[in-house]
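1. Here is my input, please return the structure:
(chains A and B)
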Amino acid sequence: MTAPAIELKGISKAFGPVQANKDISISVQPGTIHGIIGENGAGKSTLMSILYGFYKADAGEIFIKGQKTLIPDSQAAIRAGIGMVFQHFKLVENFTVLENIILGAEEGAMLNSSLGNARKELKHLAEEYGLNVDPDEVIENLSVGHQQRVEILKALYRKAEILILDEPTGVLTPAEADQLFRILDRLREEGKTIILITHKLREIMEYTDTVSVMRRGEMTATVKTAETSPEHLAELMVGRKVLLRVDKKPAEPGATVLDIKGLRVVDEAGVERVKGIDLTVRAGEIVGIAGVAGNGQSELLEVLGGFADGTGTITMNGEAIPLSGHGADGQARRAAGISHVPEDRQREGLIMEFAAWENTVFGYHHSPEIQNGLLMDNKGIYTEAEAKMQRFDVRPPDPKLAAKNFSGGNQQKIVLAREIERNPDLLLIGQPTRGVDIGAIEFIHQQVVNLRDQGKAILLVSVELEEILSLADRVVVMFDGHITGERDAAQTNEKELGLLMAGITDTSAVANGNGGNDNSTQEVPADG
Amino acid sequence: MDFLTLLQVLDTSVRLATPLLLACLAGLYSERSGVVDIGLEGKMLAAAFFSAAVAFYSGNAWVGLLAGVGASVALAVIHGLASVTFRGNQLISGVAINFLAAGMTVLVAQSWFRQGGRTPPLEGDARFNPIELPFAIGPSDAAAADRPLSQLIAEAGPLQQFYSELISGHSSLVYLALLTVPFTWWLLFRTRFGLRLRAVGENPAAVDTAGVSVVWLRYAAVLICGVLCGVAGAYLSSALQAGFVKDMTAGRGFIALAALIFAKWRPVYALWACLLFGLFQALELRPDIIENVSGLKVQVQLLGALPYILTVVILAGFVGKAIPPKASAEPYIKER
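-> Below you'll find the predicted structure:
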């Protein structure tokens, strides 16, 4: 057996009191794709940053191809043949592709010859691995998928033999993700070693040869992917059995709560984002809106939530609600019985600098029960916030902590607690589990289903197809501002929805009468 | 207005634009690396004093220049320590440097020379004297003909007038400042150092992960900024004027920052912006010209405010957007 491409022994790293990595040992075989999976804050990114010389380990040793190697900085990592594609790309946005690729790896003090040689090398790499990018295009004009290619090219240009990718598909469309994995396969065939950090069980199962699981800074297991199952991995990640499917009874839809007719939305740039849609949501059902991000779903939510204007008619419990001007604001919407868990909870759902208890009443300041004469009943709000945080299992349950100090999942629970406990007739919920840990996802989904079972109407928007398929009762697909199709969640499958999401309405070839069976496996969309 | 008057105004513009240009380029290096420097004013002022003082003692303007650059670089190092090493607030550090320089120069001047916070007037080689370019009509020709220089120039042809009045007869620092413009362009856009410098001001994490030291690059930029501010200050006290007086920079550091925004952080635009602002300052000295040309009596204060007004217009995005380097004013801290 050849020496492992990478071997880490006893790596430990602490940030102040937080032990991010505890005595981690791992061995990665050359020419394989090795997955590392774990919840947010499990220490995956820290470990890889140590390998890339971005952080210095407190203890431990690194062996590259059997040789003990010191990696005090990124320069040393690059010399050792390690390349890293960070989750947030490290590109200079107003530089060209070529300039970004040579940055730090220039051949001499003058740029001209470096640029010329890099151009040749780039062409060569593009042919070899199918990584086509226009070398003279400025980064900010490239799609996210192409920006990621530039990051991969940067590593290959530096002769990387080992490529680390940190949550590479978090920002990609499904089609871009497929392309990425084709490229990774190709790299593996060429003998490169790939470390894939992800929280998506599906990617691990489909693409990796070996997988290591991390939990709370420790490596809990390393197994051959072929010899494990998603349920087993999830259990290793969370430390207890996790329900990967949403446990729910069939919906019993009642009266129509929300009725949208001919809704159009024009954004600030004057572009029409929603192009005349009709949609109803009934009591006791979850309607899921599927679609690639940017096809009008966000604008739909914004109009319903009262912070964007639209035209058309919307009735709520039979009464028309204004779509612009007076009465078209969040407060009026809340009064009409609409609660909103916005897509971007950090910008629209919370004030990150404020304490959790203050965040539990935003938007409901006018409610009489939290007034105390002229002043607000802060003591009451605080006590209630404490109770809410208990009920929604917010960790840590400290109302005094600023919102920004909670993890993504716990922030979402704070928003949910605020919106659900107001007992709305209609709950709007956008990307409910974006950036949320697998353990918290289970809880959040359960809360949404409970609300439905109480006879409330729920409109769910998510770019995670599996989330839509497992949580929604009825799926509506949006493409380019139109509704391209509506399906019963139990009677459709990912392929059919994928075609609708691309604007193809003839889905007879893939329509599948009982396609629901393998879709109830819930993907675990969390994000670090 | 006749041709000669126009040349005279332009000549004054060039002389007044020189310190602005040097300070503006100083700011350009610093801000392109992601370090905002509102301490240009203070660094120039310190350099103006120390260069004048040392030039007075040594009798050599170049020795004075070295001292001025030294003083300015010392302040630049303080700014570097505060904003790069200790990742402090760059604006506060800059303000502190301005106050420090304003107080320190007057205090030391009073202690050394006892002339109310000024240096004694500089004469002879203690100043940077005008350089007479070949074939230009200059003071030597006037001495040979035993006639006033202005008469000789007035009698010459327009091309000779243009050459002698506007091109020739500046101190060496003026030519140095003008040469700094193409040099800066070349350094920024044609060399490895320039690529890295621009990158570190846009996204330091990209530079860091590429294995290049963010700290070193930013220090290099801050030090270049110090050197250029030092030259600008020395020019003020030992070329434009003959000696240091209290607060002699008179807001030039801030006008240079305005010019930097006006120039959208590009060296060649910086030249035009500084020449334009220099023209305003020249006209401020000659309000009669505006009155003669336009027939309007213009408040000179308005001219003094024009650079700032134009900068606000630019910032408001009326004439194309001025987008500063993205990582400007942000200390680089490795994210967790």
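2. Please make it C-alpha for all contacts and neighbour counts, starting now.
-> Will do.
3. distance between the ends of stretch A:367-375?
-> With CA to CA, to the nearest Å as the measure, the ends of stretch A:367-375 fall 12 Å from one another.
4. Give me the buried positions along that stretch.
-> Buried residues in stretch A:367-375, counted by 16 or more other CA atoms under 10 Å in any protein chain shown: residue A:370.
5. Please state the offset of that stretch from the chain centre?
-> Here the centre of stretch A:367-375 is set off from its chain's centre by 38 Å, with CA atoms, centre = their mean, to the nearest Å.
6. for stretch A:208-225, same thing?
-> On CA atoms, centre = their mean, the centre of stretch A:208-225 falls 21 Å from that of its chain.
7. Can you show me the CA trace of that stretch as PDB?
-> Extracted in PDB, the C-alpha atoms of stretch A:208-225 (Å, rounded to 0.1, in the frame of the first residue of the first chain):
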ATOM      1  CA  THR A 208     -16.900  10.000  -2.100                       C
ATOM      2  CA  ASP A 209     -14.800   6.900  -1.600                       C
ATOM      3  CA  THR A 210     -14.200   7.300   2.100                       C
ATOM      4  CA  VAL A 211     -15.900   9.600   4.600                       C
ATOM      5  CA  SER A 212     -14.800  10.900   8.000                       C
ATOM      6  CA  VAL A 213     -17.400  12.200  10.400                       C
ATOM      7  CA  MET A 214     -16.700  15.100  12.900                       C
ATOM      8  CA  ARG A 215     -18.600  16.100  15.900                       C
ATOM      9  CA  ARG A 216     -17.800  18.800  18.400                       C
ATOM     10  CA  GLY A 217     -14.200  19.100  17.400                       C
ATOM     11  CA  GLU A 218     -13.600  15.300  17.400                       C
ATOM     12  CA  MET A 219     -13.300  12.800  14.600                       C
ATOM     13  CA  THR A 220     -16.000  10.200  15.400                       C
ATOM     14  CA  ALA A 221     -15.500   7.800  12.600                       C
ATOM     15  CA  THR A 222     -13.800   7.200   9.200                       C
ATOM     16  CA  VAL A 223     -15.700   4.600   7.100                       C
ATOM     17  CA  LYS A 224     -15.800   3.500   3.500                       C
ATOM     18  CA  THR A 225     -18.800   5.200   1.900                       C
END
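8. wait, does that stretch contact chain B?
-> No. For stretch A:208-225, no contact with chain B is found by CA under 8 Å from any CA of the partner chain; the gap never falls below 14.1 Å.
9. what is the mean pLDDT for that stretch?
-> Taken as a whole, stretch A:208-225 has a mean pLDDT of 92.
10. so where is chain A shaky, pLDDT-wise?
-> A:1, A:509-528 (pLDDT under 70).
11. Contact residues of it facing chain B?
-> A:46, A:54, A:73-76, A:78, A:90-93, A:99, A:103-106, A:108-112.
12. Pull out the buried residues from those residues.
-> Buried among those by 16+ other CA under 10 Å: A:46, A:54, A:73-76, A:78, A:90-93, A:99, A:103-106, A:110-111.
13. for the longest helix anywhere in chain B, which positions count as buried?
-> As assigned by DSSP state H, the longest helix anywhere in chain B is helix B:3-32. For helix B:3-32, the neighbour count (16+ other CA under 10 Å) marks B:4, B:7-32 as buried.
14. how does chain A divide into domains?
-> As recorded under automatic domain parsing, the domains making up chain A are A:6-238, A:244-337+A:424-528, A:348-421.
15. Quick one: closest of those to residue B:47.
-> Residue B:47 lies closest, by CA to CA, to one member of those: domain A:6-238, at 31.6 Å.
16. Give the phi and psi angles for the residue sitting furthest away from the middle of chain A, as a check.
-> Distance from the C-alpha centroid of chain A, by CA atoms, centre = their mean, peaks at residue A:373 (43.5 Å). Torsion angles at residue A:373 (phi, psi; degrees, to the nearest 10) stand at phi 70, psi -130.
17. Please list the residues of chain B that sit near chain A.
-> Proximity of chain B to chain A is confined to B:190-193, B:195-196, B:199, B:202-203, B:205-212, B:336 under the rule CA under 8 Å from any CA.
18. Just these: which are in helices?
-> Among those, DSSP H puts B:190, B:192-193, B:195-196, B:199, B:202, B:205-209 in helices.
19. Below-threshold pLDDT in chain B: ranges please.
-> Applying pLDDT under 70 to chain B flags the ranges B:1, B:317-320, B:335-336.
20. What ranges does it have for its strands?
-> Counting by DSSP state E, no segments of chain B form strands.
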